[in-house]
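take this sequence and fold it.
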Amino acid sequence: MSYPTRLALLFALLGFNAFAADTAQSTAPANPPATGRGAGRGGRGGGRAQVSSAPASDWIDPKTGHRVIRLSPDTGGSTLYFHDHRFTPEGDKMLIRGAGGITVVDLSTLGKSPPKAEVVLPDVNPIAMAWRTREAYFLRDGTLMAVNVDTKAIRSVVKMPAEARGSAIINCDESLIVGIGADPDGKVMPHTPPPGNPAGSTLEPNWAAGNPVRIFTVNVKTGEFKVLRHENNWTNHLQCSPTDPDQFLFAHEGPWHYVDRSWAIRADGSPARLLHERTMNMEIAGHEFFGQDGKTVWYDLQTPMSGVFWLAGVDLATGHRTWYNLQRDEWSVHYNVSLDGKLFCGDGGGPTSVAARTMDRQDIQGQGQWIYLFRPVMTSGSSFRDKKDLIDVGYFKSERLVDMSNHNYSKETGVEPNLAFTPDGKWIVFSGNFHSNPGPGRRATTHVYAVEIAKSK
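Here you go, the predicted structure:
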């Protein structure tokens with residue numbers, strides 16, 4: 001796939017497809033705007049760019065009044081997948097996929113001086129930043145490696161045993177590798193789609209295959225291989241908690257209205273837990289991610305698909321649920337949450353997204369193409385809560401930060417923005433191609449940008 005590889009160590013897959021395929025976002029991009037560096041300090045202008053061979057570097061979005069800075073070099077770059085960890089523990093550097101290899105951007109002077117991007121290790125594709133050290137992970141010859149982003153010193157983390165082939169991630173304290181791979185002892189159990197669905201979904205064949213897989217761990221110190229779960233699903237989207245080294249997420253991929261999508265599992269091998277149970281026809285949930293404290297899992301919820309839009313959360317310890325309502329034009333491919341949990345963001349969606357059609361699959365012009373800031377507001381009043389735990393509901397007060405109308409969201413020729421808050425909560429970083437979009441059917445050049453949450457004066 002063309003969008004950034006998730007936090008996955010891509011060992012020999014042996015025909016097992018562990019990559020995720022998400023809700024279709026293919027778009028027909030708009031005509032590209034003029035590119036170049038704006039006038040003023042550091043190339044900063046009022047949204048009117050002077051024509052140049054390089055994309056604009058620093059400007060005020062004329063439609064939103066927010067400052068946007070390009071972080072990637074002229075050769076391009078992209079952010080990691082939206083839930084993959086990208087910042088150093090101190091928050092002063094951010095890992096990106098640069099054209100030259102593992103690249104970090106200095107965030108300590110963001111907004112004060114032109115951004116500095118440095119290639120740490122050339123010709124290598126980064127996986128993610130470590131949570132507790134200043135190292136970036138990468139794969140070399142079946143071994144998980146780490147490179148220090150300051151000293152560029154390289155070390156071996158773990159050599160994967162032969163039985164651990166598949167896709168994998170490493171937990172927050174670097175004690176366990178968690179992976180998904182083909183189950184050599186399992187049997188194929190094909191799935192049959194429910195009746196009444198139009199044919200042609202690109203996600204259906206992999207879902208229907210019913211190939212046997214297993215979820216496993218590898219102890220980094222001892223090399224012990226342990227199977228946590230056997231199943232016959234298109235299983236992927238592995239995530240590790242940012243705070244609990246024994247807590248993981250995985251997803252059942254496929255057409256979202258077919259699957260029970262989001263699951264939590266622990267390293268002790270206790271039964272996996274479904275995080276959202278469908279209660280109505282065509283209800284969908286997905287693109288799950290941990291809150292920064294590891295206590296809550298958030299996910300896109302639609303009741304039903306293309307009908308009513310929510311960002312929903314479930315507390316892993318108590319099971320209590322909180323849902324925030326969004327307007328149709330605020331729906332986003334991915335969402336994220338700030339370090340303190342007080343703000344959310346979304347990256348909008350293209351004109352063929354799930355929000356650009358009605359519940360009966362009629363195309364409408366309703367999708368917003370913006371980088372959004374969301375401020376959660378709870379509903380006022382309270383019902384009786386003595387009989388059962390009720391869902392707390394609210395809505396998002398949205399603010400548009402970046403005009404993405406010329407951005408190509410397509411996974412084939414464009415990029416999903418895969419946005420995240422910087423650790424200081426002052427900026428949102430994302431991938432974009434609005435200054436380098438060559439038009440329908442042609443691949444756009446991706447860059448990494450940061451938008452300032454505070455509106456420019």
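
identify the residues contacting the closest residue to Gly100 other than its chain neighbours.
Residue nearest to Gly100 in three dimensions, not counting chain neighbours: Val119, with 4.3 Å by CB to CB, 6 or more residues apart in numbering. C-betas here are computed from N, CA, C, even on glycine. If you count contacts by CB atoms under 8 Å, 6 or more residues apart in numbering, Val119 has them with Gly98, Gly100, Gly101, Ile102, Thr103.

name the SS class of Val119, please.
Following DSSP: H, G, I helix; E, B strand; the rest coil, Val119 is assigned to strand.

so how far is Val105 from it?
11 Å (CB to CB, to the nearest Å).

list the buried residues in stretch 176-184.
Leu176, Ile177, Val178, Gly179, Ile180, Gly181, Ala182, Asp183 (16 or more other CB atoms under 10 Å).

pick the one among these closest to Trp256.
Ile180 (19.0 Å; CB to CB).

contacts for the host helix or strand of that closest one next, please.
Per DSSP states H and E, Ile180 falls inside strand 176-182. Residues from elsewhere that reach strand 176-182, judged by CB under 8 Å, 6+ apart: 9, 14-16, 18, 144, 158, 160, 164-171, 211-220, 235-236, 238, 240, 245-246, 248, 250, 267.

tell me the helices in the protein, going along the chain?
Secondary structure of the chain (DSSP state H): helices at 204-209.

hmm, which of the contacts of Val119 is lowest in pLDDT?
Lowest model confidence among the contacts of Val119 falls on Gly100, which carries 81.

list the contacts for that one?
Counted by CB under 8 Å, 6+ apart, Gly100 has contacts Thr75, Val119, Pro122, Asp123.

farthest-separated two in those residues?
Farthest pair in the contacts of Gly100, by CB to CB: Thr75 and Asp123, 13.5 Å.

I'd say Gly286 and Ser262 touch.
Yes - in this structure Gly286 lies within contact range of Ser262 using CB atoms under 8 Å: 6.7 Å.

neighbour-wise, which of these two wins?
Looking at Gly286 and Ser262 with other CB atoms under 10 Å, you find the greater number of neighbours at Ser262, namely 25 against 20.

in the sheet, who's paired with that one?
In this structure, Ser262 bridges to Ala251 when assessed by DSSP bridges.

got it, and the one 4 residues further on?
Beta-bridge partners recorded for Arg266 (DSSP bridges): Gln247.

roughly how far apart are it and Arg400?
Distance from Arg266 to Arg400, by CB to CB: 40 Å.

repeat for Arg229
With CB to CB as the criterion, Arg229 and Arg400 are 42 Å apart.

between these two, which is the more surrounded one?
Between Arg229 and Arg400, counted using other CB under 10 Å, the more crowded position is Arg400 (20 against 17).

quick check: the gap between the more buried one and His407.
13 Å.

any chance of the contacts of Val119 in TSV, plus distance to Arg442?
Formatted as TSV, the contacts of Val119 follow (distance: CB to CB, whole Å):
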residue	distance to Arg442
Gly98	22
Gly100	23
Gly101	25
Ile102	28
Thr103	25
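
how many neighbouring residues does the nearest residue to Gly254 once chain neighbours are set aside have?
Leaving aside its sequence neighbours, Gly254 sits nearest to Trp207 (CB to CB, 6+ apart; 2.8 Å). For Trp207, the count of nearby residues is 20 (other CB under 10 Å).

so how far is Pro190 from Trp207?
10 Å.

kindly report the same for Val308.
33 Å.

so between those two, which is more surrounded?
Of the pair Val308 and Pro190, Val308 is the one with more neighbours under other CB under 10 Å, namely 14 against 10.

residues touching the more buried one, list them.
Counted by CB under 8 Å, 6+ apart, Val308 has contacts Gln302, Asn325.

I'd say Val68 and Asp61 touch.
Yes - with contact defined as CB under 8 Å, Val68 reaches Asp61; the gap is 5.7 Å.

surely Trp131 and Cys172 touch.
Yes - contact criterion CB under 8 Å: Trp131 and Cys172 qualify, at 4.4 Å.

quickly list what's touching both of the two.
Pro242.

quick one: distance of stretch 379-386 to the chain centre.
The gap between where stretch 379-386 is centred and where its chain is centred comes out at 34 Å by CA atoms, centre = their mean, to the nearest Å.

please save the CA atoms from it in PDB.
Coordinates of each C-alpha in stretch 379-386 appear next as PDB, following Å, rounded to 0.1, in the frame of the first residue of the first chain:
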ATOM      1  CA  THR A 379     -24.300  17.400  27.100                       C
ATOM      2  CA  SER A 380     -25.900  19.200  30.000                       C
ATOM      3  CA  GLY A 381     -28.200  17.400  32.600                       C
ATOM      4  CA  SER A 382     -28.200  13.900  33.900                       C
ATOM      5  CA  SER A 383     -30.500  10.900  33.700                       C
ATOM      6  CA  PHE A 384     -30.800   8.300  36.500                       C
ATOM      7  CA  ARG A 385     -27.700   6.100  36.500                       C
ATOM      8  CA  ASP A 386     -28.700   3.700  39.300                       C
END
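
what sits up against that stretch?
With CB under 8 Å, 6+ apart as the criterion, stretch 379-386 contacts Leu390, Val393, Gly394, Tyr395.

tell me the mean pLDDT for that stretch?
Mean predicted lDDT for stretch 379-386 stands at 90.

ok, now stretch 154-169?
pLDDT averaged over stretch 154-169 gives 89.

got the buried residues for that stretch?
In stretch 154-169, counting by 16+ other CB under 10 Å, buried: Val157, Val158, Met160, Ala164, Arg165, Gly166, Ser167, Ala168, Ile169.

what's the separation between Gly101 and Val178?
26 Å.

next one: the longest strand along the chain to chain centre, how far?
Secondary structure of the chain per DSSP state E: the longest strand is strand 392-403. Relative to the chain's own centre, strand 392-403 is displaced by 18 Å; criterion: CA atoms, centre = their mean.

pull that strand out as CSV, backbone CA atoms only.
Taking Å, rounded to 0.1, in the frame of the first residue of the first chain, the C-alpha atoms of strand 392-403 are listed here in CSV:
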residue,chain,number,x,y,z
ASP,A,392,-21.8,9.9,28.3
VAL,A,393,-22.4,11.9,25.2
GLY,A,394,-21.3,15.2,23.9
TYR,A,395,-20.2,16.9,20.7
PHE,A,396,-17.2,18.5,19.1
LYS,A,397,-16.9,22.2,18.6
SER,A,398,-14.8,22.2,15.5
GLU,A,399,-12.3,24.7,14.1
ARG,A,400,-10.8,24.5,10.6
LEU,A,401,-7.1,24.8,10.6
VAL,A,402,-5.9,23.9,7.1
ASP,A,403,-7.6,23.9,3.7
